[in-house]
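Engineer: From the sequence below, what's the structure:
(2 chains)
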Protein chains: 2
Amino acid sequence: MRFRCQAKQLQDAVSIAVKAVSARPSVPILEGLLLETDENGIRLVGSDELMTIETFIDATILEEGRLALPGRLLSEVIRKLPDADVELRSDEWSQSYKATLRCLGSRTMLAGLNANDYPKIRDAEEKFGFSVPQDELRTLIQRTLFSVATDETRPILTGALLEVQEDRLIMAALDGFRLAVARIVMPEPCGEPMQVVIPGKVLSELQHILAGDEAPVDISINDRNVRFKAGRTLITARLLEGEFMRYRQILPTDWQTRVITPVSALGAALDRASLIARVGKNNLIRLNIGDNTLTMSSNTEQNQSEEEIGGVETEGKPLEIAFNDKYLIDILKAIDDDAVEMRFQTSVSPCIVKPLEGDDYLYLVLPMRVYTAPSA
Amino acid sequence: MRFRCQAKQLQDAVSIAVKAVSARPSVPILEGLLLETDENGIRLVGSDELMTIETFIDATILEEGRLALPGRLLSEVIRKLPDADVELRSDEWSQSYKATLRCLGSRTMLAGLNANDYPKIRDAEEKFGFSVPQDELRTLIQRTLFSVATDETRPILTGALLEVQEDRLIMAALDGFRLAVARIVMPEPCGEPMQVVIPGKVLSELQHILAGDEAPVDISINDRNVRFKAGRTLITARLLEGEFMRYRQILPTDWQTRVITPVSALGAALDRASLIARVGKNNLIRLNIGDNTLTMSSNTEQNQSEEEIGGVETEGKPLEIAFNDKYLIDILKAIDDDAVEMRFQTSVSPCIVKPLEGDDYLYLVLPMRVYTAPSA
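Structural biologist: Below is the predicted model:
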């Protein structure tokens, strides 16, 4: 194989495909990034057991061929090249799988792997397909991914639920303590309802690859796999098997206390209060809701923080309730509105966080029980 | 004690004084930052065994007093305050040493320490004093500090030598493998010659406190201590005792091979070659000097890097020589000239790196011996 292209283009493509290369792959060949000549340029493929990322770049092909090169090392080497023409040449016919990368006065020789050992990519024969703008899919992921379970005791919860319901695309994620739901309106209605569970790690990489614009991402789904096509990049991943928790059943339908609060003031106060909560190692933040007042407090044995949040409106009963600071911080970081509504029932019931209008997102957090009897 | 000041000013002052507070102080009181009212404001003091940093800010004093507060926690709390008026009030008369920090709707109560336990600051009665511009002292430190020994087998080498010789202020640092020397011309000639050894850690903190402008830093020295006064900040530190290595004796006086090379091209090539050298875990970079050519190479068992440096001029014998990549990288990072001169004798003799003109800096690095017989 021998080709010539722009170093910057090769950098970008390698940095995308290498996201699927695991630091400790189950088989040695998956340390490699597959490069192969194509009609119009080069196809690059990175893969682990879970997902495969393919991408394409334009290149001048001087000799057809295919080769696998150590993905992470190749990525680091290419990142340090000057932005000039780069030529990659490999000796796959000699069975040594050596490749030479030349760029101006720089020459790097890397030991490759036999491309014939590289696994075939699963075909994602489409049973269900639709398109959404890349920025909107990215927003769905940003609003929910942080709530995906990180421990493996219930594997299905390490993924996020993707649902089509009428004209809505909905993503939901939950661990044992909190739930995040986000919704977008589909550009075109999508026929039948559908739901699948996509591994959190796949969504995390996808989020970085999606552009912040309205270019479409095409989503194809069958019984086992999902495929995202964004520009010249394809991500194919295995779906998680099993039934996702029926989260709608746990959403409270009424409230006793309601607070409308500015997001930035609440976030800044939380940032300070959580500093003390972390020194105290209890991570406990108390909210005290009065008549149009919201006070936040935290303490250690010796130190204490008290924050009055300005510009708050309340309705209903006064309430004292406590949360793990991390769960509130995660939610506030995901919200880009100026103000949000929080709904409560009692000091031992979940809290709901939602927009003042519409249903673009919804968060639910369980409170922490504290030894002082709450006033509810 | 009770005072009011701008949060931003208090932030800046605390972040300076806290640099002297150790993460694991030898006595509990040194976890604290001393705050005391002064005629015009507040004096803040942080200290460990090695050095003391004092600084002053303007404040409205509502009640005189002094108090020690946990330095690192205070620094974090203050950094998160909004930029508004802040009031600090403590109850030292009640022996509880509690302090309350108020800023808009935020109130933080911190447990303090008895200020009377705080150690007295050593007096640095001046035997020798002079001033230099802050930016120039900072440059001296940046050019040499990285060569200070990090291991404690020869404690004197964990500091840098500061010398006055005629109209020059010279700083030198060395570990067993390399030497760095930098010089500046003193604004005013300084009478008698002098030399002291300042701990590397002190210079490292001083470097961050010095401004990048021509404002003066006043340096006072006696037999045991050095004091730097920059603006409203004073750093007092104990000198290292013992005789520094007579480094002038190890500087070669002639050369067999001389190379003039652009710094940026050499740095970029080194960056790429060291990637392979690090994968190979030998950290070995070879230089091959020919007739107006300089080639750099490194390798692992399987991979190899070769770099031709453009725009190089050579003089004298061809030479092959090898270095630890880290030592060359450190030197190139410290140099802001476009080109430098490198001087060599044999493949087992030290290399000298110096400016094309003048003697603002000079580096010496020992080569690594490699198994292939060099051509010298």
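Engineer: okay, CA-based contacts and neighbour counts for the rest of this
Structural biologist: Fine.
Engineer: So residue A:303 sits against residue A:276, correct?
Structural biologist: Yes - Residue A:303 lies in contact with residue A:276 (C-alpha atoms under 8 Å); the separation is 7.1 Å.
Engineer: Any stretches of chain A with poor pLDDT?
Structural biologist: In the prediction, chain A carries residues with pLDDT under 70 at positions A:92-95, A:122-124, A:371-376.
Engineer: From residue A:312, how far out is residue A:295?
Structural biologist: When C-alpha to C-alpha, to the nearest Å is applied, the distance between residue A:295 and residue A:312 equals 10 Å.
Engineer: buried residues in stretch A:256-267?
Structural biologist: When burial is assessed from 16 or more other C-alpha atoms under 10 Å in any protein chain shown, stretch A:256-267 yields the following buried residues: A:257-267.
Engineer: for stretch A:72-87, same thing?
Structural biologist: If you call a residue buried by 16+ other C-alpha under 10 Å, then stretch A:72-87 has these buried ones: A:72-82, A:85-87.
Engineer: re earlier: from the buried residues of stretch A:256-267, pick the one nearest residue A:355.
Structural biologist: For these, the closest approach to residue A:355 (C-alpha to C-alpha) belongs to residue A:260, at 9.5 Å.
Engineer: which residue sits closest to the closest one, ignoring its sequence neighbours?
Structural biologist: Nearest residue to residue A:260, sequence neighbours excluded (C-alpha to C-alpha, 6 or more residues apart in numbering or on different chains): residue A:341, at 4.5 Å.
Engineer: and the one you found, what element?
Structural biologist: Residue A:341 is part of strand A:339-344 when elements are defined by DSSP states H and E.
Engineer: What are the buried residues along that strand?
Structural biologist: A:339-344.
Engineer: what's the answer for stretch A:326-346, then?
Structural biologist: Buried residues in stretch A:326-346, counted by 16+ other C-alpha under 10 Å: A:327-329, A:331-332, A:334-335, A:339-346.
Engineer: For burial, what's the neighbour tally of residue A:171?
Structural biologist: Residue neighbour count, defined by other C-alpha atoms under 10 Å in any protein chain shown, stands at 26 for residue A:171.
Engineer: if I pick the residue nearest to it when sequence neighbours are not counted, what's in contact with it?
Structural biologist: In this structure, residue A:171 finds its nearest non-sequential neighbour in residue A:162, 4.7 Å apart by C-alpha to C-alpha, 6+ apart. When contacts are counted by C-alpha atoms under 8 Å, 6 or more residues apart in numbering or on different chains, residue A:162 touches A:169-172, A:195-198.
Engineer: Please narrow the buried residues of stretch A:256-267 to those residing in helices.
Structural biologist: Among the buried residues of stretch A:256-267, the members falling in helices are A:263-267 (criterion: DSSP state H).
Engineer: Break chain A down into its domains, please.
Structural biologist: What automatic domain parsing lists as the domains of chain A is A:2-117, A:128-248, A:251-365.
Engineer: End to end on the first one, go ahead and measure it.
Structural biologist: Domain A:2-117 has an end-to-end distance of 20 Å (C-alpha to C-alpha).
Engineer: can you tell me if it touches chain B.
Structural biologist: Yes - in terms of C-alpha under 8 Å from any C-alpha of the partner chain, part of domain A:2-117 sits within range of chain B, namely A:76-77, A:80-81, A:105-111.
Engineer: Take these and keep only those in helices.
Structural biologist: Short answer: these in helices (DSSP H) are A:76-77.
Engineer: Spell out, range by range, the helices that occur in the stretch 101-250 of chain A.
Structural biologist: Counting by DSSP state H, counting those that start in this stretch, one finds helices in the stretch 101-250 of chain A at the ranges A:134-144, A:200-209.
Engineer: Assign a three-state SS to residue A:33, would you?
Structural biologist: Secondary structure, DSSP: H, G, I helix; E, B strand; the rest coil: residue A:33 is strand.
Engineer: Wait, it touches residue A:71, no?
Structural biologist: Yes - under the criterion of C-alpha under 8 Å, residue A:33 lies in contact with residue A:71, with a separation of 4.7 Å.
Engineer: Strands along the stretch 251-376 of chain A, start to end?
Structural biologist: A:257-262, A:284-289, A:294-299, A:304-309, A:313-316, A:319-324, A:339-344, A:351-355, A:361-365 (DSSP state E, counting those that start in this stretch).
Engineer: sorry, back to before: state the pair within the residues of domain A:2-117 next to chain B that is farthest apart.
Structural biologist: Using C-alpha to C-alpha, the residues of domain A:2-117 next to chain B span at most 20.1 Å, a distance reached by A:105 and A:111.
Engineer: Just want to know which of those two has more residues nearby.
Structural biologist: residue A:111 (17 against 14).
Engineer: Next one: that one relative to residue B:323, how far apart?
Structural biologist: Residue A:111 is 24 Å from residue B:323, by C-alpha to C-alpha.
Engineer: circling back to that earlier point, okay, residue A:303 and residue A:276: which has more neighbours?
Structural biologist: In this comparison of residue A:303 against residue A:276, neighbours counted by other C-alpha under 10 Å, the higher total goes to residue A:276 at 28 against 19.
Engineer: List the buried residues for stretch A:207-215?
Structural biologist: Within stretch A:207-215, the residues that qualify as buried by neighbour count (16+ other C-alpha under 10 Å) are A:207, A:209-211, A:215.
Engineer: ditto for stretch A:228-242
Structural biologist: Those would be A:228-231, A:233-240, for stretch A:228-242 by 16+ other C-alpha under 10 Å.
Engineer: now the strands for the stretch 1-150 of chain A?
Structural biologist: Counting by DSSP E, counting those that start in this stretch, the segments of the stretch 1-150 of chain A that form strands are A:2-6, A:32-37, A:41-47, A:51-58, A:60-63, A:66-70, A:85-90, A:98-103, A:106-111, A:128-133.
Engineer: Can you give the strand pairings for the second one, parallel or anti for each?
Structural biologist: It stands for strand A:32-37. Based on DSSP bridges, the strands next to strand A:32-37 in the sheet, each with its direction, are strand A:41-47 (antiparallel), strand A:66-70 (antiparallel).
Engineer: how far off strand A:2-6 does the longest one point, in degrees?
Structural biologist: Strand A:41-47 and strand A:2-6 are oriented at 90 degrees to each other (axes from the mean of the first three to the mean of the last three C-alpha atoms, to 10 degrees).
Engineer: Residue A:149 contacts residue A:178, correct?
Structural biologist: No - the pair residue A:149 and residue A:178 does not pass the contact test of C-alpha under 8 Å, sitting 9.5 Å apart.
Engineer: thinking again about what came up before, quick check: the two most widely separated of the buried residues of stretch A:256-267?
Structural biologist: Based on C-alpha to C-alpha, the longest span within these runs between A:257 and A:264 and measures 21.2 Å.
Engineer: Could you tell me which residues of the stretch 101-250 of chain A lie near chain B?
Structural biologist: Proximity of the stretch 101-250 of chain A to chain B is confined to A:105-111 under the rule C-alpha under 8 Å from any C-alpha.
Engineer: which one among the residues you listed gets closest to residue B:357?
Structural biologist: If you rank these by distance to residue B:357 using C-alpha to C-alpha, residue A:105 comes first, at 27.9 Å.
Engineer: Apart from its neighbours in sequence, what residue is nearest that closest one?
Structural biologist: Nearest-residue entry for residue A:105: residue B:308, 4.9 Å, with adjacent residues in sequence omitted and distances by C-alpha to C-alpha, 6+ apart.
Engineer: Could you measure from the nearest residue to residue A:269 once chain neighbours are set aside over to residue A:344?
Structural biologist: What sits nearest to residue A:269 in space, not counting adjacent residues and going by C-alpha to C-alpha, 6+ apart, is residue A:307, at 5.9 Å. Distance from residue A:307 to residue A:344, counting by C-alpha to C-alpha: 20 Å.
Engineer: can you check residue A:100 too?
Structural biologist: In terms of C-alpha to C-alpha, residue A:100 sits 64 Å off from residue A:344.
Engineer: Residue A:108 now?
Structural biologist: Distance, residue A:108 to residue A:344, by C-alpha to C-alpha: 62 Å.
Engineer: check contacts around residue A:144.
Structural biologist: By C-alpha under 8 Å, 6+ apart, residue A:144 lies in contact with A:160, A:171-173, A:180-182.
Engineer: Considering those residues, which is situated nearest to chain B?
Structural biologist: Proximity to chain B was ranked across the contacts of residue A:144 by C-alpha to the nearest C-alpha; first place goes to residue A:180, at 27.7 Å.
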